[in-house]
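Student: please work out how this folds:
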Amino acid sequence: KVKVHPIHSEFINDANVAEKLSGMCGVLVAPGFGERGLEGKISAIKYARENNIPFFGICLGMQMAVVEFARHMAGLPEAVSAEVEANAKIPIIDLMSDQKTTTIKGGTMRLGAYSCELREGSLAYSIYGKKLISERHRHRYELNNDYVAVLEAAGMSVTGRNPDTSLAEIVEVKNHPFFIGVQFHPEYKSTPENPQPIFTAFVKAAIKRQEENKNKKEE
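Tutor: This next block holds a predicted model:
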């Protein structure tokens with residue numbers, strides 16, 4: 001049975017993250033808006049990435065995974081979301097150009113179901129078992145495609161894209177047992193009777209981590 005330990009990211013930092021997360025078998029960074037607790041999310045993601053703890057980031061959680069990786073692995077220490085810093089030098093998360101001229105309230109938000117094409121051989125493809133999926137969205141900001149090449153060169157792959165706009169929908173980190181971030185909201189399609197497949201895969205990865213930790217203690 002899954003045991004959920006809610007931890008407010010505003011109380012996490014690089015100094016205490018090991019104390020707060022060392023016993024966790026999986027780390028999920030949830031959706032949200034605004035700048036509250038962002039640096040704590042980044043500290044948690046960095047710890048999960050460096051310590052091979054299964055990680056699942058949803059919407060803002062995925063965006064902060066991109067920021068963390070850009071800062072610490074892709075040589076972009078000033079990477080930030082334009083949601084927090086409008087005139088960012090490196091807006092790795094940003095409004096797309098056609099959104100910036102929209103002034104109608106809510107007009108910049110991407111809402112509803114959109115298609116996503118998965119890269120064969122990826123973790124996402126193995127989870128869904130097919131190339132084309134549809135997931136629901138509710139967000140304004142996107143991974144800035146101008147920085148995808150530098151991210152991929154450093155080991156973060158975009159493994160899911162909108163086939164019409166080429167916007168990044170899913171990111172993964174290579175050489176990690178389970179590290180995935182999604183721009184969409186998989187919880188919108190998940191029920192107890194029919195759980196969304198990424199949640200199922202994440203729980204399985206956490207169980208595997210738990211078993212590995214138990215074996216290490218026995219050794």
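Student: can you tell me, leaving aside adjacent residues, what's nearest to K130?
Tutor: Spatially, and ignoring its direct neighbours in sequence, K130 is nearest to L118 (7.5 Å; C-beta to C-beta, 6 or more residues apart in numbering). All C-beta atoms are positioned from the backbone trio N, CA, C, and that covers glycine.
Student: doesn't Y128 make contact with that neighbour?
Tutor: Yes. Shown here, L118 and Y128 form a contact pair, counting by C-beta atoms under 8 Å, at 6.3 Å.
Student: separation between Y114 and I92?
Tutor: Relative to I92, Y114 is positioned 21 Å away (criterion: C-beta to C-beta, to the nearest Å).
Student: out of those two, which sits in the busier spot?
Tutor: I92 (25 against 19; other C-beta atoms under 10 Å).
Student: secondary structure element holding the more buried one?
Tutor: strand 90-94 (DSSP states H and E).
Student: what's that strand in contact with?
Tutor: Contacts to strand 90-94, defined as C-beta atoms under 8 Å, 6 or more residues apart in numbering, come from residues 63, 66-67, 70, 76, 78-83, 85, 88, 141-144, 147.
Student: tell me where the longest helix sits in this protein.
Tutor: With DSSP state H setting the assignment, residue counts place helix 197-218 as the longest helix in the chain.
Student: elements contacting it?
Tutor: Judged by 3 or more C-beta pairs under 8 Å, 6 or more residues apart in numbering; DSSP states H and E, helix 197-218 is in contact with strand 55-58, helix 123-128, strand 179-182.
Student: what about the residue nearest to P31 when sequence neighbours are not counted, how many neighbours?
Tutor: Using C-beta to C-beta, 6+ apart and skipping residues adjacent in sequence, the residue nearest P31 is C59, 3.9 Å away. Counted by other C-beta under 10 Å, the residues lying close to C59 total 23.
Student: next one, pLDDT for C59 please.
Tutor: Per-residue confidence for C59 comes out at a pLDDT of 94.
Student: surely it touches P186?
Tutor: No. Here C59 does not reach P186: they are 9.6 Å apart, not a contact under C-beta under 8 Å.
Student: partner residues bridging the residue nearest to K130?
Tutor: When assigned by DSSP bridges, L118 has beta-bridge partners G160.
Student: same question for P91.
Tutor: Going by DSSP bridges, P91 forms beta bridges with V80.
Student: that one: how many residues sit nearby?
Tutor: Close neighbours of P91, defined as other C-beta under 10 Å, add up to 21.
Student: now do it against Y114, distance only.
Tutor: Noted for P91: a distance of 22 Å to Y114, by C-beta to C-beta.
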